[in-house]
Structures are given as structure tokens and as C-alpha cells.
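Colleague: fold the following for me, if possible:
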Amino acid sequence: MLLIDAKNISFSYKNKEVLKDVNFQLYQGDVLSLVGQNGCGKTTLLKILLGIYKAKGSIEILAKDIKKYSPKELAKQISYVPQTHQIPFDYTVFDVVLMGRLAHIGLFSNYSNKDKDLAIRCIEKVGITHLKNEIYSQISGGERQLAFIARALVQESKIIFMDEPVTGLDYGNQLKLLKFLKELCQEGYTFVKTTHYPDHALYASNKVMMLKNGKVFDVGDINTKLTTHAIKELYDVDVEIISRENGYKYCIPTL
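Modeller: The predicted structure is shown next:
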């Protein structure tokens, strides 16, 4: 099923062009990694697809023009896990996760028992049950990232955007998170994530979009597109891509 169809997306900050003629399609079950140097437009593209920034071109979400969605309607289709997130008040982790239900309840409505049960299940799913009653602002950055992922699941949108999802996570939790994303795809979720790590893209994604100077350098199947040549073009480094018998691939620098 085609979920997102983006055509000729262009965007400028004042007089600086950030993105130009970006085209891509996203299908159910995809994990699309956006890769490229800092400032190439990865986060900007996410915010355009979320309706936060208005860009030239056309975007259809489930065959409907993004401009025809209200913010609340769009939140039922797409959830967002930002790279950094600060909560100004002393909410518990449970409270923060439960906020993912706001797209489904009325302005002055209370959370139902069903909402609360779903929040608990999602907290369990990401492995932070022991933090449920902790103050969100007092836990580590990596733990806050996991809480926000739980909140995205509570939102029950099947498309999840993630900006540098491994930010703040130690190495073990980085790999657990990437494995978790692959498992969620089997449940019908679809992901668009930015990453600085080709290894992570190779491990967790089936598609890649490479951005260079605001333009699409290449896009498509990750096994054929994210090559040593492409990595050299994006980052000006020489690497070798090693393939294991289990299908896992990783990059090592060549001297």
C-alpha cells in the first residue's frame, strides 16, 4: 500500500535553498533511512512531511493532499520522535507516554482506562516499565528517547518519523532499538528515520534516500543503492562494505 507520495519538494530558508525537487514514495512496511552530511536537509524534509514547514511541490498521505488534513487528523496517521525533546513540567514517564492519546480524545476529555492500558503496554514494549513512575526530566537522554518512542506507539499512527533515533542511547540499546524497528515493521508499522550511520541504515532499513546539497543523490533499495561509491560521494571517505552469511552488512574504513 502506498502511504506517502512526495513530488518535486523544494524548500528555502529565506534566500537559502535547502531542498530542491525531492521525489520519493513510501509503502507500508518500509523502513526508509535518510542519510547525508549535516545540513543536507534530512530533518527539514521530515518537518515538511509532518506539515510543520510549507514547501513547494505536492505531498499525498494515503492518497489525500497533506494540506487537507487538520493537525489532529495528520497526527492519527504520522507520529514523530524528535532528536531532542524537553518537557517543561515534572510529568512522569507514564504521563508523557499517555500524551500520545491526545490525537484521539476531545479537547476537554479525560483519558479512558483503555488509553491508560495502552500506554502501559507500550511502555512495556520498549522495555522501560521500571521507569513508569519516574519524573521524565530526571531520567537519562536515552531513556527519554525510549519514552518518546512509546508515546509514538500509543498514538497508534502506523507511520513513524524518527530524527536520529539512537541519539543518547548506549551501543547495546542502539542495536536493540534498531532490531525493535525491524520487528515493528512485521506488525504493519512504517518508518522514516534520519541517521548519520550507514551501518545502522544497512542493518535496519530496506530503503535509503541519500541527500547531498539539498538534492536526492539516489534513492531506492538499500542493498543496491548504499554502496561504497555512494558513501564516498556523500561523506568523502573510503569504506568497504562487509556482508555476513546472516545477511548483515557493515562498513569498515579502508586506509
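Colleague: quick check, central residue of the chain?
Modeller: Centroid-nearest residue in the chain, with Cα atoms, centre = their mean: Met162, separated by 2.0 Å.
Colleague: the spatially closest residue to Lys207 that is not a sequence neighbour sits in which helix or strand?
Modeller: Leaving aside its chain neighbours, Lys207 sits nearest to Leu32 (4.6 Å; criterion: Cβ to Cβ, 6 or more residues apart in numbering). Quick note: C-beta positions are derived from backbone N, CA and C, even for glycine. Using DSSP states H and E, Leu32 sits within strand 31-35.
Colleague: next SSE after that strand?
Modeller: helix 42-49.
Colleague: tell me the buried residues in that next one?
Modeller: For helix 42-49, the neighbour count (16 or more other Cβ atoms under 10 Å) marks Lys42, Thr43, Thr44, Leu45, Leu46, Lys47, Ile48, Leu49 as buried.
Colleague: and for stretch 90-98?
Modeller: Buried, per 16+ other Cβ under 10 Å, within stretch 90-98: Tyr91, Thr92, Val93, Phe94, Asp95, Val96, Val97, Leu98.
Colleague: and what of stretch 105-120?
Modeller: For stretch 105-120, using 16+ other Cβ under 10 Å, the buried residues are Tyr111, Asp115, Leu118, Ala119, Ile120.
Colleague: okay, buried residues for the lowest-mean-pLDDT helix or strand in the chain please.
Modeller: Sorted by mean pLDDT, DSSP states H and E, the helices and strands of the chain end with helix 171-185, the least confident at a mean of 86. Using 16+ other Cβ under 10 Å as the test for burial, helix 171-185 gives Asn173, Gln174, Leu177, Leu178, Phe180, Leu181, Leu184, Cys185.
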